[in-house]
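Asker: I need the structure of the sequence given here:
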Amino acid sequence: MPKFHLAAHIKACQTAFSFNWTPGVGQTDGEAPEHGWANINHVASSTKEMGPGTLCEILDDFFGDSNWKKTTALGRIMLHKLSEALKAMQEHSLTFNELEESIKESDLGVSSLAKWEAKIKALETDHTNPNPFEHRADTMTLAATHLKLMQQDARELEEGSTISLHAEFSCSMLISTGINLEHAQCHLHADTALLGPHTTDAQHTKILTHSNTLQHHIDGWTSIQTLYMPSVANLHATGFTNSRRDNGNDSSCLRPNFDSGKAEDIQLLLASEICSLVLCNQKLLEAEWSLCMAQAHDALNECHSHIHLHFQLMQFKQQHICRQGVNTHAKKTLDAVEDHLIISHAKYVCACKALVALSDYINHIGWKQKLQPLKKSHLQPMGDFTGQSQGTAIMSWIWLTHRISDDDSKGLQDLLRIEWCKVRACHDRWGEEILLLLEEMQCILLFLDWQAHQWDKHTGAQVPQRPEDVEGVVTYAKK
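Answerer: Numbering: from 1, shown residues only. Prediction:
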C-alpha cells in the first residue's frame, strides 16, 4: 500500500501492507505515479479551456521538460539520497543495537529474541504466517476490570475470607463509584464552562439539575466511604486539599475551586489521594490500582478515537465545505469533538496521577513504559510527522501504546516484541536503500552512456547544407 494512502486504512492494513515493514523495498514509498502530477497541477487553469489536441501537446511539453530536468539532475539527486541514507543507517543501527543489547541482558530476553526473529523470518517467507507486528496479548477494558473485581468479591464472600462493611457496597464498588463520580465532576466542569453571557433559562436549569443530582450521589457515596476510610471525615473537617485534578494538569480542563462549595469541586479523597498521610486498607489500594490502570488505557483509546475523528472532519471540511452557514455548523461539530478530547485527556492524567501515588504501596513494575506522561503536543493524528515520514520520524508514543494485558509481563513482552520488529525493519530498510541506490546508480550510468551515444548519432543526421545549420545541429547534439 503506498505510504501516503496507508494512513486512511484500518490498523490491520497498516500493519500488513506497510512498505516500512516489507523486505526488499528500501525506502520506496509507492507513490511514484503521483509525483509527476504535483508539478502539473498549476497547468490546470490553462489547459481546462483547451481542445484535446492542444491539451495533449501542452502536457507532453510539460512532462518532457520535467523528465529532462530530472535527467540532468540525477547525479545531484542520487548523491543527496545516498548521503541521507548513510546517515539514517548509522542512526538506526545504533538504536537497533542498543535495543538488542538491553533485551539480551536476561536469559528470557535471549530466548525471546530467537523466537521473534524466527517469527519475522517466517512472515517474510510466507505472508500467511502470523504477523509479529500485531498485538497478541489479551486486553482488558474498564468494564472487564469491574467484572473481574465483582467476581473476586463474590468469591471472597462465599469463602468467608472477607467481611463487607456495607450490605450493597464492597471495597471495589466503593472505588469504582468514586472514580465515576470524579469523571462526572469533570464533565460538569466542562458543561459549566460552556455557559456564556446569553445563556437561556433552560440551559441554566439543565446545569443546576445535573449539579443537584451529582451532589446527592456524592453525599450518599461519602456516607459509605467513612465506613471503609474513617480518617476521611477528619481530613474533611480540617480542610485538607489534595486533588488529583490539580497541580500540573496539562489538559485544558478547568481546575477545581475547593472553596466554591459546588458539587463539581467537592474533594472525594480516594485512597490514592490520602495514602501518603493515613493508613489505607490494602484491598482499597489494589482495587483503585486495577481500576485506574484500566481507566488510563480506556482514556487513551478515547483520545485515539477523538483525534482520528477530528482529523477526518477537518479533511472533509477543507475539501467539501465552503459556505458560511455550513462552515459554522462544521465548526460547532469540531469544537464538540475537541471538548470530548479535553475530557479524555484529563481522565488519563487523573488516572496516571493516581497510579504514581499508589505505586509506592503496590508492587507493580513496567507500567510506566506503557503509560507515559500525556501532553497536548502528543495529541496528534497518526501520520502527522511534521515534515518527516514513518521510516524516519519517531511516532508519538500514544500510537505505540495499547491497552493493558491481563498478565503484565506478557503484555510488556508483546509491546517489546512489536517495538523490536519495527526497529529491526527500519534498520533493514535503510540498509536495503543503500544497496538499491548503488545499483540504481549503475543503471543510471549505463543509461547516460546509451543516451550520449544516441545523441552522437544525431551529429551525422541529414540537415540543410548551410554550414551554420550543420554547426548548430552538432552543437545541440553534443550539449
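Asker: contacting residues for the closest residue to Ala12 other than its chain neighbours?
Answerer: Nearest residue to Ala12, sequence neighbours excluded (CB to CB, 6 or more residues apart in numbering): Glu134, at 7.8 Å. For glycine as for every other residue, the C-beta is placed from the backbone atoms N, C-alpha and C. Going by CB atoms under 8 Å, 6 or more residues apart in numbering, Glu134 touches 12, 15, 418.
Asker: hang on, Glu134 in a helix?
Answerer: No. Under DSSP: H, G, I helix; E, B strand; the rest coil, Glu134 sits outside any helix and is assigned coil.
Asker: just the buried residues of stretch 78-98, please?
Answerer: Within stretch 78-98, the residues scored as buried using 16 or more other CB atoms under 10 Å are 81-82, 85, 88-89, 92, 96.
Asker: show me what it is in contact with.
Answerer: Taking CB under 8 Å, 6+ apart as the rule, stretch 78-98 contacts 27, 392, 423-424, 426-427, 430-431, 433-434, 437-438, 440-441, 444.
Asker: now the end-to-end length of stretch 38-45.
Answerer: End-to-end span of stretch 38-45 (CA to CA, to the nearest Å): 14 Å.
Asker: from now on call the first residue 42
Answerer: Let's use 42 as the start, then, which means that last one is stretch 79-86.
Asker: so which residues make contact with it?
Answerer: Contacts for stretch 79-86 (CB under 8 Å, 6+ apart): 99-100, 103-104, 107.
Asker: if we go to 10 Å?
Answerer: Defining contact as CB atoms under 10 Å, 6 or more residues apart in numbering, one finds that stretch 79-86 is touched by 72, 78, 88, 96, 99-100, 102-104, 106-107, 110.
Asker: related to what we said a few turns ago, just the contacts of stretch 119-139: which are in helices?
Answerer: 464-465, 467-468, 471-472, 474-475, 478-479, 481-482, 485 (DSSP state H).
Asker: now, which of these sits nearest Ala278?
Answerer: Val464 (55.0 Å; CB to CB).
Asker: if we can go back for a sec, report the lowest-confidence entry in the contacts of stretch 79-86.
Answerer: Note: of the contacts of stretch 79-86, the lowest pLDDT belongs to Trp78, at 76.
Asker: contacting residues for that residue?
Answerer: Contacts of Trp78 (CB under 10 Å, 6+ apart): 84-85, 104.
Asker: try 7 Å this time
Answerer: For Trp78, the contact set (CB atoms under 7 Å, 6 or more residues apart in numbering) is empty.
Asker: distance check, it against Leu100.
Answerer: 10 Å (CB to CB, to the nearest Å).
Asker: so, low pLDDT: which residues of the stretch 292-441 of the chain?
Answerer: 292-296, 299-300, 363, 423-438, 440-441 (pLDDT under 70).
Asker: burial measure for Leu478, as a count.
Answerer: Neighbour count for Leu478, taken as other CB atoms under 10 Å: 18.
Asker: out of everything not next to it in sequence, what's closest to it?
Answerer: Here the residue nearest Leu478, using CB to CB, 6+ apart, is Leu123, at 5.0 Å.
Asker: what about that neighbour, which SS state?
Answerer: Per three-state DSSP, Leu123 ends up helix.
Asker: looking at it now. What's its pLDDT?
Answerer: Reported pLDDT at Leu123 in the predicted model: 94.
Asker: now it: how far from Gly77?
Answerer: On the measure of CB to CB, Leu123 and Gly77 end up 23 Å apart.
Asker: likewise for Ile144?
Answerer: Ile144 is 44 Å from Gly77, by CB to CB.
Asker: show me which of the two is the more surrounded one.
Answerer: Between Ile144 and Gly77, counting by other CB under 10 Å, Ile144 is the more crowded of the two (19 against 13).
Asker: list the buried ones in stretch 239-254?
Answerer: Judged by neighbour count (16+ other CB under 10 Å), stretch 239-254 contains these buried residues: 248, 251-252.
Asker: er, stretch 313-326 I mean
Answerer: 313-316, 321, 324-326.
Asker: endpoint to endpoint, that stretch covers what distance?
Answerer: End-to-end for stretch 313-326, by CA to CA: 7 Å.
Asker: run through the stretch 142-291 of the chain and note the low-pLDDT ranges.
Answerer: Using pLDDT under 70, the stretch 142-291 of the chain drops low at 177-183, 185-187, 190, 197-198, 200-208, 283-291.
Asker: so which residues of it form helices?
Answerer: With helices called from DSSP state H, counting those that start in this stretch, the stretch 142-291 of the chain shows them at 148-166, 183-200, 212-234, 242-269, 272-278.
Asker: which one of these lies closest to Pro297?
Answerer: helix 212-234 (7.3 Å).
Asker: about what we covered before: how about a markdown table for the buried residues of stretch 239-254, with distance to Leu412 added?
Answerer: Below are the buried residues of stretch 239-254 laid out as a markdown table (distance: CB to CB, whole Å):
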| residue | distance to Leu412 |
| --- | --- |
| Ile248 | 33 |
| His251 | 30 |
| Ser252 | 32 |
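Asker: which one of those residues is nearest to His345?
Answerer: Closest to His345 out of those is His251 (27.6 Å), distances taken as CB to CB.
Asker: just give the nearest non-adjacent residue to the closest one, would you?
Answerer: Per CB to CB, 6+ apart, closest to His251 is Leu229, 5.7 Å.
Asker: list the residues that contact that neighbour.
Answerer: Contacts of Leu229 by CB under 7 Å, 6+ apart are 251-252, 255, 304-305.
Asker: distance to Gln193 added to those residues, as TSV?
Answerer: Listed next are the contacts of Leu229 as TSV, based on distance: CB to CB, whole Å:
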residue	distance to Gln193
His251	33
Ser252	35
Leu255	29
Ala304	31
Glu305	32
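Asker: list the ones among the buried residues of stretch 119-139 that fall in helices.
Answerer: Using DSSP H, these in helices are 122-123, 126, 129-130, 133, 137.
Asker: and which of the contacts of Leu229 is nearest Gly407?
Answerer: Using CB to CB, those come closest to Gly407 at Glu305, 34.8 Å.
Asker: can I assume that closest one is in contact with His230?
Answerer: Yes. At 5.0 Å, Glu305 and His230 qualify as touching, with contact defined as CB atoms under 7 Å.
Asker: more crowded one of these two?
Answerer: Taking other CB under 10 Å, Glu305 and His230 do not tie; Glu305 has more neighbours (24 against 20).
Asker: list the contacts of that one.
Answerer: Per CB under 7 Å, 6+ apart, neighbours of Glu305: 226, 229-230, 233, 252, 255, 297.
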